[in-house]
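K.L.:
Sequence and predicted structure below; questions after.
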Amino acid sequence: MPQNALYAQSGGVTAVINASAWGVIEAVRGHPAHFGRIYAARDGILGVLREELIDLDHEDPLTLQALRHTPGGAFGSCRFDLGDPETHPEQYERLVEVFRAHDIGYFFYNGGGGSMDTALKVAKMGDRMGYPITAVGVPKTIDNDLAITDTSPGFGSAAKFIATTVREASLDVESMHTSSTKVFILEVMGRHAGWLAAAAALAQEFDGQPPMLILFAEIPFEEADFMEHLNRTIERHGYCVVVVSEGLKNPDGSLFSVAQSHDVYAYTQLGGAAPRLSELIREKTGHKLHWAVVDYIQRAARHIASKVDVDQAYACGRAAVEGVVAGHHSFMPIIQRDSTQPYRWRMGRTSLESVADIEQGMPREYITPDGYGITQAARDYLRPLIQGEDQPPFERGLPAYPRIRGELLPKRCPSFEVDHD
């Protein structure tokens, strides 16, 4: 008898992660001979440990279809890493207990590199503990730092939002700079990778247009050199737009700014690069300036999603299921670029081992020699990823995003306390 499938979301969500969810759900239901029912864990792997499983049979079919255009994580996400099986065997015993109680034989985990590590641990758990479980990763991250795949679902839409925001904000600054703001700073996400900051350069129609200076996570921040470039830009144009990665590093490798110094699940919260940079510029130049942090907005802006990104996120969800049906396991679907002009792509696969806990930054050849801009090769890579519009339906002037009911399956296992402080 076919076993049931379980889908879960992990890490920071995106504007298109739910499109992957719908891809998985639709594909599983399209293979009734291979799969039984499909459930969703509430709040990622934590929901599995707590036995909080959502019965998708009780959801409105139209609401599930609407996941394709709904941002956020419809089933809840989490930042939680499974411990080492040698030191936390109780976590794995619990997973087996829950899987067995609900006849789950397939686990689809939608997330970034850390989530792929969790999927890999679940896959190895099955072999080690004698429980047959097929674990598959579904890629997602706005940071675009997953290895092997050409791009990460979620990045294209965030990149489109950032480039659009920078273009519009720059027009505002340009119109007022003679008597008001001289410097505008925008802080974008990017823990160890400057892909999102690089995307801001797509706002430029030609060199010299904003953003004029980009501070990448990969390039150490040299204060004197930056101030020289800033002053030169203001002298030439009358103003300067700066885009900074939240993961900007000092020359010694330490973070330029940290929002919270403590770790949460070994995850340091970054942030504060823009206000710290503004203080430095104000102290050194006296110029009037403004700064902004797009924060969650850049990953939630479904109203301006890239159609390419939506299509790829959905395709990754379906490819995860189709790969299982074809007999594969312990893999992650990847996007393979066949050509850039015209842009053509297809789905492939890679092992979970090749992507688990691996972060891929920008190649140095994508960053200009001075460290403050992107090369033509980077533009050629980035531009196809932001193409096309895929707006959600609007009602009374606002995007319509249905919410799932989230009715949980009856619990069959004893309660389990998860230590995540």
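P.N.:
On my side now, so go ahead. Numbering: from 1, shown residues only.
K.L.:
wouldn't Lys307 be in contact with Gln387 here?
P.N.:
Yes - using C-beta atoms under 8 Å, Lys307 is in contact with Gln387, at 6.8 Å. Where C-beta positions appear, they are placed from N, C-alpha and C, glycine not excepted.
K.L.:
Which of the two has more residues huddled nearby?
P.N.:
Higher neighbour count among Lys307 and Gln387: Lys307, with 16 against 13, using other C-beta atoms under 10 Å.
K.L.:
Look up how far Thr70 lies from that one.
P.N.:
16 Å (C-beta to C-beta, to the nearest Å).
K.L.:
Tell me where the chain has helices.
P.N.:
Counting by DSSP state H, the chain has these helices, from start to end: 17-29, 44-49, 61-65, 89-101, 113-129, 155-176, 195-199, 223-237, 273-285, 297-300, 307-325, 376-382.
K.L.:
In the last one, which residues are buried?
P.N.:
In this case it means helix 376-382. Ala378, Tyr381, Leu382 (16 or more other C-beta atoms under 10 Å).
K.L.:
circling back: winner for burial among the helices of the chain?
P.N.:
Ranked by mean neighbour count, these are led by helix 195-199 with a mean of 30 (mean count of other C-beta atoms under 10 Å).
K.L.:
what sits up against it?
P.N.:
Outside of helix 195-199, the residues within contact range by C-beta atoms under 8 Å, 6 or more residues apart in numbering are 142-145, 155, 158-160, 162-163, 188-190, 214-217, 243-245, 298, 362, 366-367, 374, 378, 382, 386.
K.L.:
from the chain's centre, how far out does that helix sit?
P.N.:
Helix 195-199 sits 13 Å away from the centroid of its parent chain (C-alpha atoms, centre = their mean, to the nearest Å).
K.L.:
Alpha carbons of it, as CSV, please.
P.N.:
The C-alpha trace of helix 195-199 is given here as CSV (Å, rounded to 0.1, in the frame of the first residue of the first chain):
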residue,chain,number,x,y,z
TRP,A,195,23.9,38.5,-4.6
LEU,A,196,21.0,40.7,-3.4
ALA,A,197,23.3,43.8,-3.2
ALA,A,198,24.5,43.0,-6.7
ALA,A,199,20.9,42.8,-8.0
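K.L.:
re the thing from before, could the buried residues of helix 376-382 be laid out in a markdown table, adding pLDDT and distance to Ile281?
P.N.:
Formatted as a markdown table, the buried residues of helix 376-382 follow (pLDDT from 0 to 100; distance: C-beta to C-beta, whole Å):
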| residue | pLDDT | distance to Ile281 |
| --- | --- | --- |
| Ala378 | 97 | 26 |
| Tyr381 | 98 | 31 |
| Leu382 | 98 | 27 |
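K.L.:
nearest to Met347, of those?
P.N.:
Closest approach to Met347 among these (C-beta to C-beta): Tyr381, at 18.7 Å.
K.L.:
so where's this protein shaky on pLDDT?
P.N.:
1, 207, 259-271, 420-421 (pLDDT under 70).
K.L.:
can you list the domain ranges for it.
P.N.:
3-141+304-358+390-399, 155-303+367-386 (automatic domain parsing).
K.L.:
Adding distance to Glu417, write those domains out as CSV.
P.N.:
Output for the domains of the chain, formatted as CSV (distance: least, C-beta to C-beta, whole Å):
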stretch, distance to Glu417
domain 3-141+304-358+390-399, 9
domain 155-303+367-386, 16
